[in-house]
Every structure is written in structure tokens, then in C-alpha cells.
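S.K.: here is my input; please provide its structure:
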Amino acid sequence: MGHCMVKKIRLLGMELDNFSLREEVLQGESFYKKTELNVIRTISMKMLSDAADNQLVRDGLAQADLLVVCDKEILTEAGIYSSQRLREAAAHGFMQEYFKRMSSNQRRIFLVAPTSEAMHNLQEYLVTTYENMQLVGNYVLEACDGEYDIMVNEINAALPDVIVSVVESPQEDIILQEVKAKIDARVWYSLGSRYFDPDGKLSFIMWFQQLIHKGRFKNVVHNYDDEKE
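M.R.: Below you'll find the model as predicted:
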């Protein structure tokens, strides 16, 4: 128990956080005391693969205040084999604990999703899994044609503590670059689109996509290392 855990890991020339679940949650909680908007990004294999050749995504990751790894393959590729860390990442431990605390502390939550369907799934998941979740508003991006000011106005009018987003990179990177300074909330929590279906299981299609992302990710990491050696 006494050994010191590596707090930062390097992959694809980027530095990623590697905190224990407890440390992640404490850091996430500390953001409520800050005055500016803090960004928590959920890091998937797909996002890192994209970041290898997309500067916008790389910058978005570099500017986040907390990076939460959600695929255990990211940790093993970076040489982290702690069974507890791998388990926490694979089980979306941070997401569950952070939502649980949001719900019990009555945090005001605003949802952002790319499509009506994604919004429906997210709402369904939150209200069926966490009983006191205080949802104060939502915004679906498919209708806004890159005009994000209306979204900002709606967010600020709802006075949320947390914005939960299931928008994917690089669209989310573009949005944050444009609106981060204008938003009055404390936390932008980026889940990516891979949250669970309302019944708590990954659908077959999502499982299959994961398989493809895993192959591409390993490829990108190994080729990147080769170029750098």
C-alpha cells in the first residue's frame, strides 16, 4: 500500500493524469470552490488516437484541468498495471462516484448533447441511476449550426454548477475554445459519447466500435513510438 503511484503518464508525446479514484474525486470536488470554469475530460482510446494527428484535440487535452482515463488499455500501454487502477478505469469509477456526489450535494446540472437521441439517452441514464439528480436545463447542438452564443446564454440563465457534455472531440474542443471564458459554471464535465445505455450495459454496436478503437489505438501508439526512436 505504501508505494508511490506515478501521477503523470506519457503517451503519444502527451502528458496524462494518473490519479487514484479518490484523488480524482477530491480534485473534481475542489473545482466547485474555484471562480473560473474547470474542465474534466474523459479520455478514451479514440480520443487519444485522434489527438496523435489532430492539434485541436491535443490542445484540448493539454488545457483540461483533470483528465480521467476510461479505457484500461491506455494505462497498460503507458506501463500502468495496478489492478485497482485498471478496474477503476474500466468500470467508469470516477463517473459513478462524481455523479453520486453531484446528486447527494444537490449540484445544479446542465446537459449538452450533439443530438436529441443522445440527450434522451443521457437524461434517461441520469434520472434512472441517481435519484436526486437536479437537472436545470439542456441544450442539443444539432440545431445550432456552430452558433454557440445561444447555448452560452441558456447555460448562464440556468445557473448550473456543472455542465455535463456528451459531445465528441474535435467538436467539443472547438466549442470549449470559443465559449469557455463566457460560461459562469464551475465545472464542464466531458463524458464523450460512451456512457452506458439506460439499462447499464454496453450495446453490441458500442462493443464492436470499442474493438475497432482498440486496434487503431494500439497501432497509433506503436507507430508513434517507432517514429520517435
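
S.K.: what's stretch 107-126 in contact with?
M.R.: 32, 99, 101-102, 133-142, 151, 154-155, 158-168, 171, 185, 191, 193, 195-198 (C-beta atoms under 8 Å, 6 or more residues apart in numbering). The way it works is simple: take the backbone N, C-alpha and C, and place the C-beta from them, glycine included.

S.K.: that stretch: which residues count as buried?
M.R.: 107-114, 118-119, 121-123, 125-126 (16 or more other C-beta atoms under 10 Å).

S.K.: which regions of the chain sit below the pLDDT cut-off?
M.R.: For the chain, residues meeting the criterion pLDDT under 70 lie at 1-5, 194-203, 225-229.

S.K.: and if we set it to 50?
M.R.: Scanning the chain for pLDDT under 50 picks out the ranges 1-3, 198-200, 229.

S.K.: residue boundaries of the strands in it?
M.R.: 8-11, 14-17, 38-43, 66-69, 108-113, 134-140, 162-165, 187-190 (DSSP state E).

S.K.: packing partners for the longest one?
M.R.: Same thing as strand 134-140. strand 108-113, helix 116-129, helix 149-158 (3 or more C-beta pairs under 8 Å, 6 or more residues apart in numbering; DSSP states H and E).

S.K.: repeat that for the first one.
M.R.: Identification of packing neighbours for strand 8-11 by 3+ C-beta pairs under 8 Å, 6+ apart yields strand 14-17, helix 72-77.

S.K.: how close does the most centrally placed residue in the chain get to Asn223?
M.R.: Nearest residue to the geometric centre of the chain (C-alpha atoms, centre = their mean): Thr42, 2.4 Å. Distance of Thr42 to Asn223, computed by C-beta to C-beta, to the nearest Å: 24 Å.

S.K.: circling back: partners of the residue nearest to the centre of the chain in the sheet?
M.R.: With DSSP bridges as the criterion, Thr42 is bridged to Val68.

S.K.: contacts only, for it.
M.R.: By C-beta under 8 Å, 6+ apart, the residues touching Thr42 are 68, 70, 95, 190-192, 194.

S.K.: which helix is the longest one in the protein?
M.R.: Determined from DSSP state H, the single longest helix within the chain is helix 204-228.

S.K.: so Val127 sits against Leu135, correct?
M.R.: Yes. Contact criterion C-beta atoms under 8 Å: Val127 and Leu135 qualify, at 7.5 Å.

S.K.: more neighbours: those two, which one.
M.R.: Leu135 (16 against 12; other C-beta atoms under 10 Å).

S.K.: okay, and the beta partners of that one?
M.R.: Bridge pairing for Leu135 - DSSP bridges - gives Ile109.

S.K.: one step back: select only the buried ones of the contacts of Thr42 in PyMOL?
M.R.: Typed into PyMOL, the line below selects the buried ones among the contacts of Thr42, using 16+ other C-beta under 10 Å:
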select buried, resi 68+70+95+190+191+192+194
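
S.K.: between the contacts of Thr42, which is closest to Asn54?
M.R.: Each of the contacts of Thr42 was scored against Asn54 by C-beta to C-beta, and Gly192 proved nearest at 15.1 Å.

S.K.: against Glu147, how distant is the residue lying closest to the closest one once chain neighbours are set aside?
M.R.: Leaving aside its sequence neighbours, Gly192 sits nearest to Thr42 (C-beta to C-beta, 6 or more residues apart in numbering; 5.0 Å). The gap separating Thr42 from Glu147 is 26 Å, by C-beta to C-beta.

S.K.: again with Val179
M.R.: On the measure of C-beta to C-beta, Val179 and Glu147 end up 11 Å apart.
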